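Chemist: Below is the sequence, then the predicted model.
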Amino acid sequence: MRGPYKGVDARIVEESSTAMYIHCNVLILNLYIVSCCSIITSIRNTFLALQSIYHFIGRPRKRHSIFEKIQASLKGFAGGTMTLKSLSDTRWACRVEAVRSLLDNFEATISTIQEIENTDPDTGGQASPLLKSMEDFNFVFNLLLLKQVLLQCDLLSKTLQSVSLTFDLLKSVKNSTIEIIQSYRTDQYFDKLFDYCSKITEKCGFRPAKLPRRGKIPAKLVGGSKAPFEAVKEHLKATVFSPLLDTLEQEIENRLQDNNLDVLNHLSQLLGRHEVVEESIKFVSKYYSLDEELLFCEMKIFHNMKE
């Protein structure tokens, strides 16, 4: 569709150089979320584990019945989603719900997998690696981080789907979302999240945060230097936390910028109001190489026309 040589976009631009390709903004959000989830190894593995957990507990009905029984027996359930949610590449908001549903049912999910591991000789072997994935600091950290940033992006998605959306509002919400994501990139926020996850893993007896095993680089190559990270917090921040926020910010900026929001906003100002906006007249005249005075007169006639 947007091929630079033979796509519809390129063919139309050949006929009209000022024509703009306007992509579906919600689909654009789909593209950048899927991109973020695939290029960061730890985040990608978290989603793969999450989907495996969903399929393992949801099928067959026997295993899901165990989940429902354990969930009903737990006291002090905090509410939220009562069932686990699946992922979807075409509906990225499903990823937000999948993360939230697992966090809401974390205790019930672990207890279910533990019971299956101990009582079902046929599928107990499948339960063991899933349990290992969940009872790990990195898994908990990734889920909580994803919940925070994806919920923020979910607000942007809902705005894009609003029937009353204007291009001026879209630009404002996009910039606000980027500013909020940037606000997460502080040492204070990272330390707070890291400490909170450490308390959870210690309380539950999960595997604590630790550096991945990496061998020394051969001395004949670079003198046998050690791994670049000496502290686990430094490693986690550099390989997961910062890359995720950076990628989200960059993708929102780049993808939504494709729609040339300034031009579209000024056009909507001219065509959607009952009065002529002088600033928009100047912008549109310059962009399309039009006579400013003539456009001003035409827009006055347009706004005074009666059906």
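Modeler: Yep, that arrived. Predicted, not measured: the structure shown is a model, and the values here were computed from it.
Chemist: can you list the weak-confidence ranges in the stretch 151-300 of the chain?
Modeler: Residue ranges of the stretch 151-300 of the chain with pLDDT under 70: 214-229, 257-261, 273-274.
Chemist: For it, which segments are assigned as helices?
Modeler: In the stretch 151-300 of the chain, helices defined by DSSP state H, counting those that start in this stretch lie at 167-183, 187-204, 219-222, 232-236, 242-257, 261-272, 278-288, 292-304, listed in chain order.
Chemist: Of all the ones you listed, which one is nearest Cys94?
Modeler: helix 242-257 (17.4 Å; C-beta to C-beta). For the C-beta atoms, the positions are set from N, CA and C on the backbone; glycine is no exception.
Chemist: What does the pLDDT read for the residue nearest to Leu103 when sequence neighbours are not counted?
Modeler: In space, and not counting its chain neighbours, Leu103 is closest to Leu143: 5.8 Å by C-beta to C-beta, 6 or more residues apart in numbering. Leu143 carries a pLDDT score of 95 in this model.
Chemist: Format the helices of the stretch 151-300 of the chain as TSV; extra columns: mean neighbour count and distance to Leu87.
Modeler: As requested, the helices of the stretch 151-300 of the chain are exported to TSV (neighbours: other C-beta atoms under 10 Å; distance: least, C-beta to C-beta, whole Å):
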stretch	mean neighbour count	distance to Leu87
helix 167-183	16	22
helix 187-204	14	22
helix 219-222	8	40
helix 232-236	17	23
helix 242-257	18	17
helix 261-272	16	30
helix 278-288	15	41
helix 292-304	13	48
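Chemist: Ser133 is nearest to which of the ones you listed?
Modeler: That would be helix 187-204 among the helices of the stretch 151-300 of the chain, by C-beta to C-beta, at 13.4 Å.
Chemist: Quick one: distance of the closest one to the chain centre.
Modeler: 22 Å (C-alpha atoms, centre = their mean, to the nearest Å).
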